[in-house]
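A.B. asks: Structure here, sequence nowhere to be found:
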């Protein structure tokens, strides 16, 4: 495995980490604890040391799976990154909860679910600018940090914001998480300049473009209604899949695993600290980790 420093946190993070949205049940699979154990054990064996989860991947369900795992393993081996700001209601149904009282309740619920005394990286979760511009929020998080419940603060940014990366350091944010992949390079223009200037760690989510860059799907493919990817409009999905076919033909070297190439493509940008692909089984974890062979150290 290859490791990079996560901004100014002092944390050394594997360049391939493990995204765990899938454990919340919105990827069309209802995981068991045994399956989660196998996946995270395989991640550790592959050198992965960061797990990224959130309050609304299920109603803290992903966190609970991770917490059960951690209760039977060495917690100190892991960098645990979770998020705050949403309340889960049902499949793909959430409401914003960014006021300070709700956030503190979410923090305590996440600590309990994760079965831990501290969260390594606690991230503002894709909230609007008006929720971000709330001094009371950052003051309460700083107090939680002083109390040892949080070690570092981050922000998982949605694509629409233009100012949160620019102002992150002002609020004590050390890490930003952005959507970034070969199909969506918006973050290069909107967020990476501020990250470089302020020495922010950068976590790239959706590095495989929700699986599209794997090459498994051809134009005309439609996802089932219980798959989060079904939210993409048909004409936009076809456009993306046509572009994937072009990329596979013109950019991915012959014989190279398309998914591994997509992860390495993100990581060849030195501003990116780690990518957080999800997975459905331990075999995918091994395949994801093998992408380091395509990265120049």
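C.D. replies: On my side now, so go ahead. Values in this document were obtained by computation on a predicted structure and should not be read as measured data.

A.B. asks: From here on, just use CA atoms for contacts and neighbour counts.
C.D. replies: Fine.

A.B. asks: what bits of this protein have low per-residue confidence?
C.D. replies: Applying pLDDT under 70 to the chain flags residues 297.

A.B. asks: Show me where it has its helices.
C.D. replies: Ranges of helices in the chain, per DSSP state H, are 33-45, 61-70, 100-114, 129-132, 135-146, 164-167, 186-190, 192-198, 234-250, 258-267, 282-289.

A.B. asks: Adding distance to residue 1 and mean neighbour count, write those helices out as JSON lines.
C.D. replies: Converted to JSON lines, the helices of the chain look like this (distance: least, Cα to Cα, whole Å; neighbours: other Cα atoms under 10 Å):
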{"stretch": "helix 33-45", "distance to residue 1": "10", "mean neighbour count": "17"}
{"stretch": "helix 61-70", "distance to residue 1": "21", "mean neighbour count": "22"}
{"stretch": "helix 100-114", "distance to residue 1": "25", "mean neighbour count": "18"}
{"stretch": "helix 129-132", "distance to residue 1": "35", "mean neighbour count": "14"}
{"stretch": "helix 135-146", "distance to residue 1": "30", "mean neighbour count": "16"}
{"stretch": "helix 164-167", "distance to residue 1": "28", "mean neighbour count": "21"}
{"stretch": "helix 186-190", "distance to residue 1": "25", "mean neighbour count": "16"}
{"stretch": "helix 192-198", "distance to residue 1": "24", "mean neighbour count": "17"}
{"stretch": "helix 234-250", "distance to residue 1": "26", "mean neighbour count": "16"}
{"stretch": "helix 258-267", "distance to residue 1": "13", "mean neighbour count": "23"}
{"stretch": "helix 282-289", "distance to residue 1": "7", "mean neighbour count": "20"}
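
A.B. asks: Indicate which one of these is closest to residue 85.
C.D. replies: Among those, helix 100-114 comes nearest to residue 85, with 6.5 Å by Cα to Cα.

A.B. asks: what's the closest one packed up against?
C.D. replies: Where contact means 3 or more Cα pairs under 8 Å, 6 or more residues apart in numbering; DSSP states H and E, helix 100-114 is packed against helix 61-70, strand 79-84, helix 135-146.

A.B. asks: can you tell which of these is closest to residue 155?
C.D. replies: strand 79-84 (8.3 Å).

A.B. asks: what helices or strands is that closest one leaning on?
C.D. replies: Packed next to strand 79-84, using 3+ Cα pairs under 8 Å, 6+ apart, are strand 50-52, helix 100-114, strand 119-125.

A.B. asks: Which strands border it, and is each parallel or antiparallel?
C.D. replies: strand 50-52 (parallel), strand 119-125 (parallel) (DSSP bridges).

A.B. asks: contacts for the last one?
C.D. replies: By Cα atoms under 8 Å, 6 or more residues apart in numbering, the list of residues contacting strand 119-125 from outside reads 79-86, 111, 149-157.

A.B. asks: Would you mind putting the helices and strands packed on helix 100-114 into CSV with distance to residue 95 alongside?
C.D. replies: Output for the helices and strands packed on helix 100-114, formatted as CSV (distance: least, Cα to Cα, whole Å):
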stretch, distance to residue 95
helix 61-70, 17
strand 79-84, 12
helix 135-146, 17
